[in-house]
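In: sharing a model prediction with you, sequence too.
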Amino acid sequence: MSDSKKVLSDLVLSTSTEHAPLDAPWDAIDIADWLLNLPDQEYQRCAPPDHKAAGYTTTDDGRPMSINVEMIGTGLVIQHYVAEIAEKHHCHMVSTSDVFTPHGWTTVQVIWDLSAKDNGDGTVTYTNQVTSHPTQEFMEFNEKNGGTFEEAAAARQAASGDHNRRETPLFAASIARHALARSSR
């Protein structure tokens, strides 16, 4: 990775955690299967009008990758989520994401953590956590355009928090539909 794409993991641009009920039997839930087979239009239904496109591919070394295109605030973000964990009840996805802003292109790291928790009473809770870190390129881009890190972080936090609040219950409903369809086969 070039120095410009170096992730500054000690700095947080935004972090957001949301929860929603996941109305499907625990044993039928498979977040990895849902995510890595998510139809484009279903992804779009999970955060209209922000979600633009989704697809599946692999890295050069064969690791699963989810490609997502979405609007976060004023930025068009192209996520290249590589699965670090891809299990039935937990996926941990990491992306060095391309962001098209009103000032041009830059990059950020986005970590997307999706999990389901069996509450022990027949209910399941879905958790959608998204954290972003700047890259060196982002810091230089932001400075060149006259912004401070604090201003960028505040804007990203507001936009990402709003986006996550809207998409989490729709993701939970989509995962539940996927689980129920799988269990009826």
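Out: Cool, the structure landed. Numbers count the residues shown, from 1 in each chain.
In: so where do the helices sit in the chain?
Out: With DSSP state H as the criterion, the chain has helices at 31-35, 40-45, 136-144, 149-183.
In: so which of those is nearest Gln129?
Out: Ranking these by proximity to Gln129 (CB to CB) places helix 149-183 first, at 8.2 Å. All C-beta spots, glycine's among them, are computed from the backbone N, C-alpha and C.
In: for the closest one, buried residues please.
Out: 152-153, 155-157, 159-161, 163-164, 166-176, 178-179 (16 or more other CB atoms under 10 Å).
In: any idea of the mean pLDDT in that helix?
Out: Here helix 149-183 scores 96 as its mean pLDDT.
In: equivalent analysis for stretch 49-62, please.
Out: The pLDDT scores in stretch 49-62 average 96.
In: and it, how far apart are its ends?
Out: Using CA to CA, to the nearest Å, one end of stretch 49-62 lies 32 Å from the other.
In: show me how far that stretch is from its chain's centre.
Out: Relative to its chain's centre, stretch 49-62 lies at 11 Å (CA atoms, centre = their mean, to the nearest Å).
In: and stretch 145-155, by the same measure?
Out: Offset of stretch 145-155 from its chain centre (CA atoms, centre = their mean): 21 Å.
In: in the chain, which strand has the most residues?
Out: Scanning the chain for the strand with the most residues, using DSSP state E, yields strand 104-118.
In: list the buried residues in that one.
Out: Buried, per 16+ other CB under 10 Å, within strand 104-118: 106-116.
In: report the contact partners of the nearest residue to Trp112 once chain neighbours are set aside.
Out: Using CB to CB, 6 or more residues apart in numbering and skipping residues adjacent in sequence, the residue nearest Trp112 is Met93, 4.4 Å away. Counting by CB atoms under 8 Å, 6 or more residues apart in numbering, Met93 touches 35, 66, 81-84, 111-114.
In: repeat for Asp30
Out: By CB under 8 Å, 6+ apart, the contact set of Asp30 is 88, 178-179, 182.
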